[in-house]
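>>> No letters, just coordinates:
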């Protein structure tokens with residue numbers, strides 16, 4: 001049954017991922033659809049192209065979902081069906097492990113927003129084009145209460161690494177930073193790389209100063225334990241600042257956009273892709289990581305953007321050990337010559 005496949009996926013895979021809340025909401029929605037439109041006990045094989053289109057139209061009419069939202073929910077169904085076809089080891093309530101392959105086959109699921117739009121006549125999902133200005137981001141940073149130190153540290157780490165929220169939360173300097181070569185591996189030891197590749201990048205001067213101040217443990221701690229989520233805290237502050245569309249992922253988008261526009265120094269697409277983890281073949285090269293010129297332009301541009309951002313917020317973006325440095329000029333005979 002579809003319900004069984006969804007539950008099997010959530011309990012044995014999805015609930016341990018950062019996207020667990022999204023998966024849970026999608027599963028609740030699909031179960032609601034099954035109860036209204038088919039039967040609660042509908043088989044996986046019943047969710048073919050016609051039923052998928054019916055689900056799309058039902059989501060649009062009853063919940064006013066966009067093509068992008070419908071596609072994301074269908075992606076959960078697709079992941080559940082793929083997981084069900086896989087021979088997996090699951091643990092029962094008594095702690096015993098079993099090998100289970102729930103499904104022999106399952107329908108292919110539409111997961112592309114463009115295709116959903118075509119099938120439903122909904123407007124195509126708009127690209128993520130909202131970006132805060134330097135002034136808006138400065139306003140957001142200044143609104144962080146001094147008691148919200150973890151949120152401030154999250155922002156500093158995100159600006160310096162352009163990393164996804166889960167990579168920022170997983171960051172442990174003691175095992176991910178190589179001070180000798182000035183690099184930072186966003187993929188912690190023991191974690192398997194996924195399609196959301198976590199690259200090795202350069203350690204910026206700004207982040208070096210903060211790490212010296214914070215120490216080698218987890219940068220974000222609450223009640224003696226590492227922080228595992230910042231989503232609700234971040235969203236509440238963004239709404240309070242009048243920026244409903246500002247999310248944790250916006251910081252990655254902000255840095256990637258402004259580094260692309262950087263003239264001081266200009267940064268090639270190759271370096272931007274490597275820093276973002278879009279060029280796995282290059283960022284996985286151990287020897288290249290340790291080259292002094294590795295991602296040097298992207299590193300300098302990152303430091304410069306944070307230095308520019310400082311002009312728009314009163315709270316210091318530089319640690320006591322890494323204050324913003326003014327450009328050096330050589331003076332000779334009372335005249336500015338460089």
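Arrived safely. What you see is a predicted model; the values in this text were computed from it and never measured.
>>> Show me this structure divided up by domain.
Per automatic domain parsing, the domain ranges recorded for the chain read 2-120, 134-312.
>>> mind giving me a markdown table with those and columns for distance to residue 318, mean pLDDT and mean neighbour count?
For glycine as for every other residue, the C-beta is placed from the backbone atoms N, C-alpha and C. Putting the domains of the chain into a markdown table (distance: least, CB to CB, whole Å; pLDDT from 0 to 100; neighbours: other CB atoms under 10 Å) gives the following:
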| stretch | distance to residue 318 | mean pLDDT | mean neighbour count |
| --- | --- | --- | --- |
| domain 2-120 | 30 | 92 | 16 |
| domain 134-312 | 6 | 92 | 17 |
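>>> Residue 320: which of these is closest?
Nearest to residue 320 among those is domain 134-312; the distance by CB to CB comes to 6.3 Å.
>>> all strands of this protein, in order?
Assigned by DSSP state E, the strands in the chain fall at 88-91, 97-100, 177-178, 183-185, 200-202, 221-222, 225-226, 331-332, 335-336.
>>> what does the first one contact?
Think strand 88-91. 8, 11, 12, 13, 97, 98, 99, 100, 101 (CB atoms under 8 Å, 6 or more residues apart in numbering).
>>> Can I get the strands of the chain in TSV including distance to residue 121?
Putting the strands of the chain into TSV (distance: least, CB to CB, whole Å) gives the following:
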stretch	distance to residue 121
strand 88-91	38
strand 97-100	40
strand 177-178	51
strand 183-185	46
strand 200-202	43
strand 221-222	47
strand 225-226	47
strand 331-332	68
strand 335-336	65
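>>> closest to residue 208 out of those strands?
Nearest to residue 208, of all the strands of the chain, is strand 177-178, at 8.9 Å by CB to CB.
>>> between the strands of the chain, which gets nearest to residue 249?
Of all these, strand 200-202 comes closest under CB to CB, at 17.4 Å.
>>> Please name the strands paired to that closest one in the sheet, noting orientation.
Strand 200-202 has its sheet partners listed here by DSSP bridges as strand 183-185 (antiparallel).
>>> what's the offset of the partner strand from the middle of its chain?
18 Å (CA atoms, centre = their mean, to the nearest Å).
>>> now do stretch 269-276
Distance of stretch 269-276 from its chain centroid, counting by CA atoms, centre = their mean, is 16 Å.
>>> next one: stretch 174-189
The chain centre lies 19 Å from the centre of stretch 174-189; the measure is CA atoms, centre = their mean.
>>> what do you get for stretch 13-20?
A distance of 14 Å separates the centroid of the chain from that of stretch 13-20, by CA atoms, centre = their mean.
>>> With stretch 40-51 instead?
Remark: stretch 40-51 is offset 32 Å from the chain centroid, using CA atoms, centre = their mean.
>>> hang on, the earlier thing: closest to residue 51 out of the contacts of strand 88-91?
residue 8 (19.7 Å).
>>> pretty sure the closest one is touching residue 81, no?
No - Residue 8 is beyond contact range of residue 81, at 10.3 Å (criterion: CB atoms under 8 Å).
>>> can you give me the helices in the stretch 101-250 of the chain?
For the stretch 101-250 of the chain, the helices defined by DSSP state H, counting those that start in this stretch cover 113-120, 134-142, 149-161, 165-170, 173-176, 205-214, 231-240, 248-260.
>>> Having no further points to raise, I will conclude here.
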